[in-house]
Structure formats: C-alpha cells, structure tokens
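[1] no FASTA, just this:
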C-alpha cells in the first residue's frame, strides 16, 4: 500500500523492471507505481525479454512519464506476457513531446485477459498518444467497462491501435476514444494485417480530430474484423474534413450488425457514416439503427463505396441518411466499379442537400446493385437542383429492382426525379 518509483535524471526511469526471463506470480497495487524520466523512456512497469506477470491487479496508479519522448504506463517487449491484468484504477503514459502510451505490447508479447473498470490513457503533447498499442502482439480477451483513451496535442491520438496484431474478443461497455488536436483521432485503429475476431460495442467508440480524419473505427492494409456488433455509438468527428464512423481501406468486415448509431460528421466536407475504399468489403451489413453522414459544407454520405469496394448483402431495417448543408448529400453512394450484390430496404434511405445533389442512392462510374428490394422509403431532397431517389450514371446498373414502398425526390428548382438513369 506504498509507493514504488524509479526516477531517471536523463533516460530510462522504471517503477518495476523485469528483464531476461524474470517472473512475478502475483502483483497487486493499491497505491502508486511510477517511472518518471527527465528526458526519455519513463515506464511504470517494464517487462522485457521473455518476462512474465501471471496476475496483475491495479487498484491504484501505474504511470510512466517522460519530459521529452516515450512515457509508458506498462510496456511488454520481446515475448513477454501478462496472463491476467485487472485495472480498477489508473494506468497512464504521458510525454512532453511524442509517444505517450497507457499499455504497450511489442514483438510477440501477449496479454491473455485484460479487464478495465478504471482508466487506461496515453497522452502526448505533440504526436502519438495511444491508450493501448499492440505491435506484432496479441490480446486474447479485452473487456472494457471504464475508459480507454489516447490524446495527441498534434497528430495521432488513438484509444486502441493495432499494427500487425490481434485481439480475439473485444467487449466495450464503456468508452474508447482517440483525440487529436490537429489530424488523425481514432477510437480503434487496425493497420498492416491486424485483426479483431469479435468486437461487441454497448458503449461509445469515438475518434475526434480538430482538423482532419476523425474516425471511430479504421481498418487499413488488409486488416479485418470478423464480427462487429454495435448496440451503442461509433462516431468520427472532424473539425474540418473527413469525419468517419467506420473506415475500411483495402480491408474487410465479414459481419457488421448495427443496432445503435454509426455516424461521421465533418464541419466542412466529407462526413461519412461507413466508408469503404479501394477493394474493401463487407460481406453482410445489417442495420437496425442509424447510419449517418453529415457535412457542414459538401459531401455527406451514409454509406460510401469507391474503387472496387463491395457489400454482398445490405439489409436496412433502420435509417441510412446523409446531409450536406450545401452540395452532395447521398444516403448510399457507389463509385468507380463498386458493387452491392443484394440490397433490401425495409425502412429509410435518404439523402439531403441544402443546395444541389440530394440523393437516396447514387450509382456512378460502372457501379452495380444486383438486386434492390424496397418496401420502405428511398428519398432524395435538394434545396436547388438534382434531388433524386435513385440516380444511375456512367454505365452503372441495377439488375433487378422490386418496389413495394416509396421512391421519391424533391428539388426546389430543377431535376426532382424518383429514378433517373443517364449513361
């Protein structure tokens, strides 16, 4: 119930440092474990080179701080492991410049069970503040009922960041957030062949950027989520451009079920609810809640597919909507050889633009919907020109369209079309 502290006047302060096959069976902290460094590399607990903690329970504070770079609360390196980590207190990493990490797993390190009922945070005054960072490492089960946050004063704030890494089961009933004052605030970020097998969200996953690229969940470079179920909120917010709820870039989600809210909001341009880029795919997207994209200026998209992106089955029993205060609000937009094989709408798909180009569904540049079955409402509204329920352009096609509902359009001036086809 006391304090363990290791302070470095220059580099390398560690509260507890395990090296070269060292083992702690049970570690319980009810007070403070800290590793401050005046310069670089401050670590609360450091496991290195095949070191192990079997059970780590934190009811106090574990912190690593660096006046310059690299403050980490808990760091695991080179085949090190924690079997069970339970946090009811605070685990934090802070840096005066770059790299503040709450928990950092590197080089084939593992945590089997991580339960957070407290706070895990990473904060960097400049770049790269991550709550939890995995690089070529693995967490088997992560359960969050507290807060996991990453904050950067400039670029790169992420709640959870995976690079060539795996989480088997992630359950969030709390808050996972990434905040960047300038660019790249991401709630959960997967890059370079990373994967989450099952992600269940009953809480909040959010990414916020003061300038560009605020993303709730982002997948890059052949990353994958097998099953994603959202009963809470997934949101991305950008103070300028590109706020996305979920972004896939050359990546895949097998099953995505939304019973809550997925939203992307940009103060200026490009608010996108779900954004699939460059050969990305979702096998089955079932929406029973709300998917929305909102732009203060141009380009609000509920669901956007571009550059050979595909959704095999999209079933909408909720609301898919897009709003742009000026131009181009489109509920579902397929662009540049993108495909939805089967689209079933039993509720609402809408696109609204204050000026031009409000469309419920827009297919452009050789894009395809194989079968579209509508028993709900598909609508487009434009304050000036080009409000269209469904619009096909540039050699795009719908194979079979069955309508037992409503397809409608409103334009304040010209071109209000329920369905418009133009090659």
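    Nice, I can see it. Worth saying up front: this structure is predicted, and the values here are computed from it rather than measured. Residues are numbered from 1 along each chain as shown.
[2] tell me if I'm right that residue 131 and residue 158 touch.
    Yes. Using C-beta atoms under 8 Å, residue 131 is in contact with residue 158, at 7.2 Å. Yep, even glycine has a C-beta here, placed from its N, CA and C like the rest.
[3] find the residues that touch each one of the two.
    150, 178 (C-beta atoms under 8 Å, 6 or more residues apart in numbering).
[4] quick check: beta-bridge partners of the residue most central in space within the chain?
    Centroid-nearest residue in the chain: residue 217, 1.0 Å away (criterion: C-alpha atoms, centre = their mean). Beta-bridge partners of residue 217, counted by DSSP bridges, are residue 188, residue 246.
[5] need the distance between the two termini of stretch 80-99.
    21 Å (C-alpha to C-alpha, to the nearest Å).
[6] which residues does residue 214 contact?
    Contact analysis of residue 214 by C-beta under 8 Å, 6+ apart lists 180, 185-186, 207-208, 236-239, 242-244.
[7] the residue nearest to residue 266 when sequence neighbours are not counted: how many residues sit nearby?
    Nearest in space to residue 266, with sequence neighbours left out and distances taken as C-beta to C-beta, 6 or more residues apart in numbering, is residue 243 at 4.2 Å. Other residues near residue 243 come to 35 when the count uses other C-beta atoms under 10 Å.
[8] distance of residue 243 relative to residue 81?
    In this view, residue 243 and residue 81 are 38 Å apart by C-beta to C-beta, to the nearest Å.
[9] can you list the low-confidence ranges for the protein?
    For the chain, the stretches with pLDDT under 70 are 423.
[10] sorry, back to before: hang on, isn't the residue nearest to the centre of the chain packed against residue 205?
    Yes. The criterion here is C-beta under 8 Å, and residue 217 meets it with residue 205 at 6.2 Å.
[11] who touches both of those two?
    Counting by C-beta under 8 Å, 6+ apart, the shared contacts of residue 217 and residue 205 are 187-188, 234.
[12] from those, pick the one nearest residue 222.
    Comparing the shared contacts of residue 217 and residue 205 against residue 222 with C-beta to C-beta places residue 188 closest, at 16.6 Å.
[13] list the contacts of the closest one.
    158-162, 170, 176, 178, 196, 199, 205, 216-218.
[14] on that earlier part again, how about the shared contacts of residue 217 and residue 205 in a markdown table, adding distance to residue 351?
    Converted to a markdown table, the shared contacts of residue 217 and residue 205 look like this (distance: C-beta to C-beta, whole Å):
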| residue | distance to residue 351 |
| --- | --- |
| 187 | 26 |
| 188 | 28 |
| 234 | 21 |
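[15] could you list the paired strands of the helix or strand that residue 342 is a member of along with their orientation?
    Taking DSSP states H and E as the criterion, residue 342 maps to strand 339-345. If you go by DSSP bridges, strand 339-345 pairs up with strand 310-316 (parallel), strand 368-374 (parallel).
[16] nearest to residue 351, out of those strands?
    Comparing those under C-beta to C-beta, the one sitting nearest is strand 310-316, at 13.7 Å.
[17] packing partners for the helix or strand that comes right after that closest one?
    Next along the chain after strand 310-316, taking DSSP H and E as the criterion, comes strand 319-324. Other elements packing on strand 319-324 under the criterion 3 or more C-beta pairs under 8 Å, 6 or more residues apart in numbering; DSSP states H and E are strand 271-277, strand 290-295, strand 300-306, strand 329-335, strand 348-353.
[18] export the ones you listed as a markdown table, with columns for mean neighbour count and distance to residue 58.
    Listed next are the helices and strands packed on strand 319-324 as a markdown table, based on neighbours: other C-beta atoms under 10 Å; distance: least, C-beta to C-beta, whole Å:
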| stretch | mean neighbour count | distance to residue 58 |
| --- | --- | --- |
| strand 271-277 | 30 | 36 |
| strand 290-295 | 28 | 37 |
| strand 300-306 | 30 | 41 |
| strand 329-335 | 30 | 46 |
| strand 348-353 | 28 | 46 |
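[19] nearest to residue 85, of these?
    Among the helices and strands packed on strand 319-324, strand 271-277 sits nearest to residue 85 (C-beta to C-beta), with 32.5 Å.
[20] so what strands line up beside the closest one?
    Strand 271-277 sits in its sheet next to strand 243-249 (parallel), strand 300-306 (parallel), going by DSSP bridges.
[21] next, the angle strand 329-335 makes with that strand.
    What separates the directions of strand 271-277 and strand 329-335 is an angle of 10 degrees, with axes from the mean of the first three to the mean of the last three C-alpha atoms, to 10 degrees.
[22] ok, then the element right after strand 271-277?
    Taking DSSP H and E, what comes next after strand 271-277 is strand 281-287.
[23] ok and that following strand relative to strand 319-324, angle-wise?
    With the same axes, to 10 degrees as the basis, strand 281-287 and strand 319-324 are set at 100 degrees to each other.
[24] quick check: angle from strand 281-287 to strand 290-295?
    Strand 281-287 and strand 290-295 meet at an angle of 110 degrees, taking the same axes, to 10 degrees as the criterion.
[25] run the chain-centre distance for strand 281-287.
    Computed by C-alpha atoms, centre = their mean, to the nearest Å, the chain-centroid distance of strand 281-287 equals 16 Å.
[26] what residues of that strand count as buried?
    281-282, 284-287 (16 or more other C-beta atoms under 10 Å).
[27] is it true that residue 234 touches residue 256?
    No. Contact criterion C-beta under 8 Å: residue 234 and residue 256 do not qualify, at 10.2 Å.
[28] need the overlap of contacts for these two.
    residue 246.
[29] of these two, which one has the most company?
    Between residue 234 and residue 256, residue 234 has the larger neighbour count (other C-beta under 10 Å), namely 32 against 24.
[30] give the contact list for the more buried one.
    Counting by C-beta under 8 Å, 6+ apart, residue 234 makes contact with 187, 201, 204-206, 216-217, 245-246, 260-263.
[31] ok, 10 Å please
    By C-beta atoms under 10 Å, 6 or more residues apart in numbering, the contact list for residue 234 reads 172, 176, 187-188, 199, 201, 203-207, 215-217, 228, 244-246, 258, 260-264, 273-274, 291.
[32] does the residue nearest to the centre of the chain touch residue 225 like I think?
    Yes. Contact criterion C-beta atoms under 10 Å: residue 217 and residue 225 qualify, at 7.8 Å.
[33] now do the contacts for residue 68.
    10-11, 37-42, 95-99, 125.
[34] try it again at 7 Å.
    39-40, 96-97 (C-beta atoms under 7 Å, 6 or more residues apart in numbering).
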